[in-house]
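Enquirer: show me how the following folds:
(one chain, ligands or ions: 1)
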Amino acid sequence: MTWEPPHDGPLPQHHHNCLGCGDRNPHGHHLQVRLEGGALHARHTFDERHAGAPGITHGGAIATVLDDVFGFAGYLIGQPAVTRSLSIDYDRPVPVGAICDITARLERREDRKLFLTAEGVDASGARLFTARALFLVVDLQHFHGPRPPDSSARSSRTLL
Ligand SMILES: CCCCCCCCCCCCCCCC(=O)SCCNC(=O)CCNC(=O)[C@H](O)C(C)(C)COP(=O)(O)OP(=O)(O)OC[C@H]1O[C@@H](n2cnc3c(N)ncnc32)[C@H](O)[C@@H]1OP(=O)(O)O
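Expert: Next up is the predicted model:
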């Protein structure tokens, strides 16, 4: 069977319990990622749970969201891929409650290596942060490694 790249539109969540996009993770960001013209897009609003300094989004929360948006690159190539490295430039504070538009692109692929870039802008188009990531293509066995015997995550997984 040959891989058909997905059409523009919403992409499926990684799984229900995913911290970035899972619809059943009460601590999650509930990201909805779309494919538009070959790029990955997510519109997200960080809330008070994600504050670092008062009223300003925690850099770790931004990293979580970026990592997850990058994680949708697997859908572009039809193979799962995981983060090997992630680097972020925080250009401006991201206010809690403000709309943030994130766009990520697969810049190039070298064998198993996916070189990705992303940018986040506010509603006026001002740049909030940029990021680079290296993801490595893995096989499905990667997700079935050792886990705690009572892990509830296993039962709630969908894709994986
Ligand atoms: C069917 C469609 C499904 C689609 C949809 C699937 C969705 C599927 C769920 C995904 C969900 C995502 C969710 C959000 C993204 C996470 O959060 S992913 C979770 C966080 N990341 C991890 O847990 C990964 C942990 N790390 C690992 O498991 C292993 O290090 C890895 C990443 C598998 C790599 O291990 P490895 O295969 O042994 O790689 P290694 O041989 O060391 O390196 C491979 C190549 O990369 C190069 N390399 C390694 N590091 C670097 C570096 N920093 N810089 C440059 N080159 C490097 C090496 O030199 C080597 O190059 P070559 O010699 O091949 O030319």
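Enquirer: so which residues of the chain form helices?
Expert: Ranges of helices in the chain, per DSSP state H, are 59-70, 73-77, 153-156.
Enquirer: now mean pLDDT too, for those, in CSV please.
Expert: Shown next, in CSV, are those (pLDDT from 0 to 100):
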stretch, mean pLDDT
helix 59-70, 98
helix 73-77, 96
helix 153-156, 46
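Enquirer: can you tell me which residues in this structure are near the ligand?
Expert: 14, 67-68, 71, 74-75, 78-80, 82-85, 111-113, 134, 136, 138 (C-beta under 6 Å from any ligand atom). Yep, even glycine has a C-beta here, placed from its N, CA and C like the rest.
Enquirer: would you list the buried entries among the residues you listed?
Expert: His14, Asp67, Asp68, Gly71, Gly74, Tyr75, Pro80, Leu134 (16 or more other C-beta atoms under 10 Å).
Enquirer: helices and strands of the protein: which one bottoms out on pLDDT?
Expert: helix 153-156 (a mean of 46; mean pLDDT, DSSP states H and E).
Enquirer: need the contact list for Glu107.
Expert: Counting by C-beta atoms under 8 Å, 6 or more residues apart in numbering, Glu107 makes contact with Phe115, Leu116, Thr117.
Enquirer: nearest to the ligand, of the residues you listed?
Expert: Phe115 (8.8 Å; C-beta to the nearest ligand atom).
Enquirer: pLDDT score for that closest one?
Expert: On pLDDT, Phe115 comes in at 98.
Enquirer: list the contacts of it.
Expert: With C-beta under 8 Å, 6+ apart, Phe115 has these contacts: Leu106, Glu107, Arg108, Arg109, Arg132, Ala133, Leu134.
Enquirer: now do Thr103
Expert: Neighbours of Thr103 in contact, by C-beta under 8 Å, 6+ apart: Ala39, Leu40, His41, Ala118, Glu119, Gly120.
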